[in-house]
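Trainee: Based on what follows, work out the 3D shape:
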Amino acid sequence: MITNGRVKELRRLLGLGRTLSDSARMAEMSEKTARKYRDDEGLLSQQTSDRRYRTRNDPFADVWNKVQQRLELEPRLKAKTLFEWLQQTHEAQFPDSTRRTFERRVSQWRSLHGPGKTIFFDQQHHPGRLAASDFTVCNELGVKIAGQRFDHTFFHCVLTYSNVESVSLCFSESFESLSAGIQKSFWEFGGVPQRHRSDSLAAAVRNHTSRRELTERYAALMSYYNCDAERTNARCANENGDVESSNGHLKDRIDQALLLRGSRTFETREAYVAFVEELIKRANDNRRKKFLEDLAHLNRLPDQRLDTDDIIKGIRVSRSSTINVRTNTYSVPSRLIGQLVDLRIGAEQILSLIHI
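Mentor: The predicted model follows:
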């Protein structure tokens, strides 16, 4: 193969007074080729040009108008779908070997005539500035507790600069679970980021109003920690991409550790949580250097955690020994029938007290 380097070597040898034959042999090219580059002052790379002509007939020339009409009516159609359609409607005319050619044609059409695409800008992360959180359902992990299927969710919070993360086990996307997860994360981080970002959780955002305001309880929680709240737009998961991506890595990490463990069954829920927390700790240890930069810019924690349990007073126990709380029915001891009870609603339990 002739390269610029060989052409330069040929000319160097000729400049030393060697014969054309000897110079060609030492530059590893034929004498005819050597004569060509001796008489032409340019280099090989300066003589080549982009090929702008077809080396064979376009196999889709006769059907391209039909394909284009399909794309104009429905731009979401994939090249693979359209190619399979052509194979069905034009039997034996388009073998699989022409598929890549067709995909290039469709790609060229989209570049020239297709709809615009969503633009993504790379995010610049700064130490201590942002924590992103989300709930991630982990039922597909197939974990069992004492032989019983354990459906569960993790609240997952990530410092976007260092990727140090915190998880909390929960069973619903309630405000109590959100509050418990955020506070656990901040205290494990050892400080408060300037901003906290979540998606449009009903526990945090009034989604059915035109202004999409924060709920009073979530706003109060953020105010207590002196942390600015951010929320993403509906159906725009990429806006919270840091934690969305981390969710997948978290579940994959747990799944791989379970495979290595050889069993997905744990004696107690506490044993499973300790197993996951150990995985998180090992991952965070590898992020120590950047986390120290995060830590230097985190705001101070308050003196104590905020009690965000909801208090509901004066609920009467029915004759069936039940109470109705947030559209759910719960049983209570029968001795409380007819009595008024006060409730403290936490992330996982509801405590009842006699109303005074």
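Trainee: Let me see the contact set for T98.
Mentor: P59, F60 (Cβ atoms under 8 Å, 6 or more residues apart in numbering). From N, CA and C alone the C-beta is placed, and that goes for glycine too.
Trainee: With E277 instead?
Mentor: Shown in contact with E277 (Cβ under 8 Å, 6+ apart): V167.
Trainee: do the same with S179
Mentor: R217, Y218, L221, L306, T308, A347.
Trainee: closest to G248 among those residues?
Mentor: For the contacts of S179, the residue nearest G248 by Cβ to Cβ is A347; the value is 24.5 Å.
Trainee: returning to that earlier point: got a quick PyMOL command for the buried subset of the contacts of S179?
Mentor: Selection of the buried residues among the contacts of S179 in PyMOL, burial being defined by 16 or more other Cβ atoms under 10 Å:
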select buried, resi 217+218+221+308+347
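Trainee: Filter the contacts of S179 down to just the ones in strands.
Mentor: Using DSSP state E, no member of the contacts of S179 falls in strands.
Trainee: Can you pick out the most distant pair from the contacts of S179?
Mentor: Top of the distance list for those (Cβ to Cβ): Y218 and A347, 14.3 Å.
Trainee: ok now stretch 184-201, how far from the chain's centre?
Mentor: From the chain centre to the centre of stretch 184-201 is a distance of 18 Å (Cα atoms, centre = their mean, to the nearest Å).
Trainee: For that stretch, output the C-alpha coordinates as PDB.
Mentor: What follows is stretch 184-201, C-alpha atoms only, in PDB (Å, rounded to 0.1, in the frame of the first residue of the first chain):
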ATOM      1  CA  LYS A 184     -31.600  10.000  55.500                       C
ATOM      2  CA  SER A 185     -29.700  11.000  52.400                       C
ATOM      3  CA  PHE A 186     -28.700  14.500  53.700                       C
ATOM      4  CA  TRP A 187     -27.600  13.200  57.000                       C
ATOM      5  CA  GLU A 188     -25.500  10.400  55.400                       C
ATOM      6  CA  PHE A 189     -23.900  12.900  53.100                       C
ATOM      7  CA  GLY A 190     -23.000  15.000  56.100                       C
ATOM      8  CA  GLY A 191     -24.500  18.200  54.700                       C
ATOM      9  CA  VAL A 192     -27.200  19.800  52.500                       C
ATOM     10  CA  PRO A 193     -26.800  20.500  48.800                       C
ATOM     11  CA  GLN A 194     -27.800  23.800  47.400                       C
ATOM     12  CA  ARG A 195     -30.600  22.300  45.300                       C
ATOM     13  CA  HIS A 196     -32.700  19.100  45.300                       C
ATOM     14  CA  ARG A 197     -34.200  17.800  42.100                       C
ATOM     15  CA  SER A 198     -37.100  15.300  41.800                       C
ATOM     16  CA  ASP A 199     -39.500  14.500  39.000                       C
ATOM     17  CA  SER A 200     -43.200  15.500  39.200                       C
ATOM     18  CA  LEU A 201     -44.000  13.400  42.300                       C
END
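Trainee: So for L298, what's the nearest residue that isn't a sequence neighbour?
Mentor: G191 (2.6 Å; Cβ to Cβ, 6 or more residues apart in numbering).
Trainee: got it, and R18?
Mentor: Leaving aside its sequence neighbours, R18 sits nearest to M26 (Cβ to Cβ, 6+ apart; 7.6 Å).
Trainee: Check R269 too.
Mentor: I145 (5.5 Å).
Trainee: Need phi/psi at the residue nearest to D22 when sequence neighbours are not counted.
Mentor: Distances taken as Cβ to Cβ, 6+ apart put L13 closest to D22, at 7.2 Å, once the chain neighbours are dropped. L13 has phi and psi values of phi -70, psi -40 when expressed as degrees, to the nearest 10.
Trainee: Compute the number of surrounding residues for L13.
Mentor: L13 sits with 19 neighbouring residues when counted by other Cβ atoms under 10 Å.
Trainee: rewinding a little: ok, now how distant is the residue nearest to L298 from S133?
Mentor: Going from G191 to S133 by Cβ to Cβ, to the nearest Å gives 16 Å.
Trainee: Settle it for me: which of those two has more neighbours?
Mentor: Set G191 next to S133 and count neighbours by other Cβ under 10 Å: S133 wins out with 25 against 17.
Trainee: Beta-bridge partners for the more buried one, please?
Mentor: According to DSSP bridges, the partner residues bridging S133 are C157.
Trainee: which residues does A61 contact?
Mentor: Taking Cβ under 8 Å, 6+ apart as the definition, A61 has no contacts.
Trainee: center of this structure, which residue is that?
Mentor: The centre of the chain sits closest to S245, judged by Cα atoms, centre = their mean, with a distance of 2.6 Å.
Trainee: just checking, next helix/strand downstream of the lowest-mean-pLDDT helix or strand in the chain?
Mentor: Using mean pLDDT, DSSP states H and E, helix 44-47 stands out as the lowest-scoring helix or strand of the chain, at a mean of 57. Under the assignment DSSP states H and E, the closest C-terminal helix or strand after helix 44-47 is helix 64-73.
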